[in-house]
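Engineer: Prediction below, plus the sequence it came from.
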Amino acid sequence: MGSTLRALRALVLLAGFYLLGVLLLAVLAGTDYLLFAHTPAAVATKLAVVSVLLAIPLVRGLLMLRTPKGEEPSGLPVTEADEPELWRTVRELADQVGTRAPSRIVLMGDTNAAVSEDARLLGLFPGPRRLYLGVPLMQGLTEAQLRAVLAHELGHYAGSDTRLAALTLRGRTQLLRTIRNFEERAGSTEARERARQERRNAKAEAKGKEAQEVDTGRAGVTYRAMARIYTAYAKLYLRATLADSRRQEYAADASAARIAGRDATASALREIPVLEGAFGFYVRCYATLGSEARLLPPPGEVFGGFGRMLSARQLELAGLRSELPTEPISPYDSHPPIADRVRRIELLPADGRADEAHGAAIALLADEERAYAALEEAVLTDEVRQFRRTADWQELLDGAMAGNLAALNTPLHRALALYTKASPTLPALLTLIDDGQLWQLARRLPLSDEAVAAKGRAFREFVRPTLHNSLHSMVMAEFSARSRMRWEFSWEQSAKARLLPAPGSAPDDDASELDASIGAAVDRALADHPDTAPLRALLPPAPRSSRETDAPR
C-alpha cells in the first residue's frame, strides 16, 4: 500500500473517531427527546441528567484537537563538529536510501535506534527530523551492522512513515483518553455508591440492625458501556494501524538489505535481541550495583563498562545469536517477529558483501571515552549524579556488597526480632539454636499453609531452605563487618567472595571460597539435631573493645 493510500486510511480511521462521538451524542439527544415526549417530566429530567453526564466525556474527546507532544527522550545531541564521521555516514546512507537526512542526531543510553519527524498539518508537510542512536547498540555492532540499522531507520523517512505517525498517534491518543475518561467516571461513581452503602450499614449497625452486603455492580454501568463501545473501535483502529506498522518494518528491512547488504542486515537483526538482553543484565549486575550504597562507577564507565563486558563474554553470547527469540504473534504488535524478519532477509540472494566493514561501530565516534562521560551527564538524573564515584570497579563492588550486607534484612532477621524482641544478631541466633529453640523460631518465618500444618521432620524440611539462605547471608555479613572477606570482581562471571587470612596465619591458609568454607558449618547448625560448634569455630573473633585496645602495656 502506497503512502497516499495509507494516509487516506489513517484519515478515515481518525474521522471515524469523531463520527462515533457525533453518533453517540445524537443517540443521547434523540433519547432525551423521546423521554420528554412520552414519559413524565420528573422521570425524563432525571434521565436527561444522566445523558448530560455521559455527553461530557464525549464532547471533551471531540474537542481534543491537539495531540500533546511527548517529552524528548533524554540523550546527548551531537553536531557535525562533535561527530563528523557519524554524520558523514548518516548523510551518505540517506543519499543512498533517497531521502532527506535528519537535522539532529541524539545519542541515547539504550540498545535502540529510532527516527522521528515533526510533520505539520497532520503529516501533509514535512518537518525537522531526528535520529536517535543508542551508544550501547554501537558498542555491540560492527560498522556494517550499524549501517544496516541506520539504513532501516532512514527507510522509514523514505516511506513517509514518520509523517503519517502524526495521524495515527492522534487517533490512538484520543481514543485512549476518551476510554480513560469513561472508566474514571465509572470508578468514581462506584466509589461514591460504595461509600453511601457503607455509611448506611454503619448507621444500621449503630442501631443494632444487621448490615447488608455492599453491592456496587450497577454503579457506573452506563459509563462502562460507553467505554466498551470506544474500546471496540480502539481495537479496530489499533489492528489497522499496527498492521501498517508491521508492513513498514518489512519495507525498511528491504531498504537496509539493499543499501547495507543481506548478511549485514540479517546479522544486525540477530544481534539486537542479544544486545538488549546483555545490556539489561549489565545494568542490573554492574552499572547499578552500587545504587543502594549511593555509589557510581568511575566517570564514563556507566556505559563504557558495557563494552568491556561484551568483550569478556563473547563465548557466552555466541550461542544466543543462533537462537532467535520465539515471540507470540499478536495483531497488536507494532513489529513483526524478529525470526520472521531474519528469515525474509536470509532468503534474499547473496550479494557478495559478506566481508564489508567488520570494524566496531563505536569507532565511528570521534572520542569514545569522552562520549561515554558526556552521555552520563545527559541521561543520569540529578539525584544519581550526586552519588559518589568510585576509583574503579573493584571499589564499587566492595562498597556495594559491604553496604548490602550491612543492611541485610532476611526473613530470619525479621523472625528473630519478633521472637526475641531485640535486635537480630548472629551471636543471638547461635545462642538461641544452642538452647534448642531453632524450630520454635522457625514458626515465626513467613510460611505457606502446608508448612503451617506440617509437624516434626516435615516442618523442618519446609523451612530449612529459608533458614539456610538467611543464615548463610548472616555469616557473610559477619565476615564483612569484621573485614575478613574480599570480593573478586570479574567481567566473565559473577563476583566471588573469598576469606581473608586470619591474623598470624599463612597467606593461603584461609584463601578458600567463602561459600565452600561455610556451607557445611551452616548445614550442621540447621540439622535435625543442631550443632553450632563448627560455625562458631569458623567465625572470625570479635574485635577487641576500645578499652582493651587502648590499655597501656
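Structural biologist: That came through, no problem.
Engineer: Would you mind listing the buried residues in stretch 338-354?
Structural biologist: For stretch 338-354, burial by neighbour count (16 or more other Cβ atoms under 10 Å) applies to 338-339, 341-342, 344-346, 348. Where you see a C-beta, it was placed from the backbone N, CA and C, and this is true even at glycine.
Engineer: Just the ones of those residues in strands?
Structural biologist: The strands, defined by DSSP state E, take in nothing from the buried residues of stretch 338-354.
Engineer: now those residues as a markdown table including distance to Gly304 and pLDDT?
Structural biologist: What follows is the buried residues of stretch 338-354, written out as a markdown table (distance: Cβ to Cβ, whole Å; pLDDT from 0 to 100):
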| residue | distance to Gly304 | pLDDT |
| --- | --- | --- |
| Ile338 | 28 | 89 |
| Ala339 | 32 | 88 |
| Arg341 | 31 | 92 |
| Val342 | 30 | 92 |
| Arg344 | 36 | 93 |
| Ile345 | 32 | 94 |
| Glu346 | 33 | 92 |
| Leu348 | 36 | 93 |
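Engineer: Make JSON lines from those and add distance to Ala477 to it.
Structural biologist: Shown next, in JSON lines, are these (distance: Cβ to Cβ, whole Å):
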{"residue": "Ile338", "distance to Ala477": "43"}
{"residue": "Ala339", "distance to Ala477": "46"}
{"residue": "Arg341", "distance to Ala477": "49"}
{"residue": "Val342", "distance to Ala477": "48"}
{"residue": "Arg344", "distance to Ala477": "54"}
{"residue": "Ile345", "distance to Ala477": "52"}
{"residue": "Glu346", "distance to Ala477": "52"}
{"residue": "Leu348", "distance to Ala477": "58"}
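Engineer: Kindly indicate which of the residues you listed lies nearest Arg170.
Structural biologist: Distance to Arg170, by Cβ to Cβ, is smallest for Arg341 among the buried residues of stretch 338-354, at 28.1 Å.
Engineer: Surely that closest one and Asp253 touch.
Structural biologist: Yes: taking contacts as Cβ atoms under 8 Å, Arg341 lies within contact range of Asp253: 5.6 Å.
Engineer: Overlap of the contact sets of the two?
Structural biologist: Leu269 (Cβ atoms under 8 Å, 6 or more residues apart in numbering).
Engineer: List the residues that contact Asp110.
Structural biologist: 134, 136-137, 279.
Engineer: Any chance of CSV for those residues, columns neighbour count?
Structural biologist: Shown next, in CSV, are the contacts of Asp110 (neighbours: other Cβ atoms under 10 Å):
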residue, neighbour count
Gly134, 25
Pro136, 24
Leu137, 24
Phe279, 24
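Engineer: So which of these is the closest to Phe303?
Structural biologist: Nearest to Phe303 among these is Pro136, at 6.5 Å by Cβ to Cβ.
Engineer: now the strand or helix carrying the closest one, how far from the centre of its chain.
Structural biologist: Under the criterion of DSSP states H and E, Pro136 resides in helix 135-140. The chain centre lies 19 Å from the centre of helix 135-140; the measure is Cα atoms, centre = their mean, to the nearest Å.
Engineer: Which other helices and strands does the next helix or strand after it contact?
Structural biologist: Per DSSP H and E, the first helix or strand lying C-terminal to helix 135-140 is helix 143-158. The helices and strands touching helix 143-158, judged by 3 or more Cβ pairs under 8 Å, 6 or more residues apart in numbering; DSSP states H and E, are helix 84-97, strand 113-117, strand 129-134, helix 135-140, helix 221-260, helix 262-282.
Engineer: which one of the buried residues of stretch 338-354 is nearest Leu426?
Structural biologist: The closest of the buried residues of stretch 338-354, once distances to Leu426 are taken by Cβ to Cβ, is Ile338, at 49.4 Å.
Engineer: got the contact list for the closest one?
Structural biologist: 269-270, 272-273, 324-325, 327.
Engineer: Please pick the buried ones from those residues.
Structural biologist: Judged by 16+ other Cβ under 10 Å, buried ones among the contacts of Ile338: 269-270, 272-273, 324.
Engineer: Report the residue spans of the protein with pLDDT below the cut-off.
Structural biologist: 1-14, 53, 57-58, 60-71, 119-125, 161, 163-167, 501-517, 540-553 (pLDDT under 70).
Engineer: Grab the most central residue of it for me.
Structural biologist: In the chain, the residue lying closest to the centroid (Cα atoms, centre = their mean) is Gly280, at 8.6 Å.
Engineer: ok, it to Pro465 distance?
Structural biologist: Per Cβ to Cβ, to the nearest Å, Gly280 is found 28 Å from Pro465.
Engineer: how close does the residue nearest to Asp118 when sequence neighbours are not counted get to Asn112?
Structural biologist: Nearest residue to Asp118 in three dimensions, chain neighbours excluded: Gly127, at 3.8 Å (Cβ to Cβ, 6 or more residues apart in numbering). Using Cβ to Cβ, Gly127 is found at 22 Å from Asn112.
Engineer: Could you do Glu153 as well?
Structural biologist: Applying Cβ to Cβ, the value for Glu153 to Asn112 is 10 Å.
Engineer: Quick check on these two: which one has the bigger neighbour count.
Structural biologist: Glu153 (24 against 17; other Cβ atoms under 10 Å).
Engineer: Wait, the more buried one touches Ala252, no?
Structural biologist: Yes: using Cβ under 8 Å, Glu153 is in contact with Ala252, at 7.2 Å.
Engineer: Give me the secondary structure label for the closest residue in space to Ile272 that isn't next to it in sequence.
Structural biologist: Once flanking residues are discounted, Ile272 sits nearest to Thr111: 6.8 Å by Cβ to Cβ, 6+ apart. Three-state call for Thr111 (DSSP: H, G, I helix; E, B strand; the rest coil): coil.
Engineer: what's the burial count for Thr111?
Structural biologist: Applying other Cβ under 10 Å, we find 24 residues neighbouring Thr111.
Engineer: and what of the one 3 residues further on?
Structural biologist: Using other Cβ under 10 Å, Ala114 has 16 neighbouring residues.
Engineer: so what's it closest to, chain neighbours aside?
Structural biologist: Nearest non-adjacent residue to Ala114, counting by Cβ to Cβ, 6+ apart: Tyr132, 4.6 Å away.
Engineer: close enough to count as contact, the one you found and Arg104?
Structural biologist: No: using Cβ under 8 Å, Tyr132 is not in contact with Arg104, being 9.3 Å away.
Engineer: Would you check that Val50 makes contact with Val221?
Structural biologist: No: the criterion here is Cβ under 8 Å, and Val50 misses it with Val221 at 10.7 Å.
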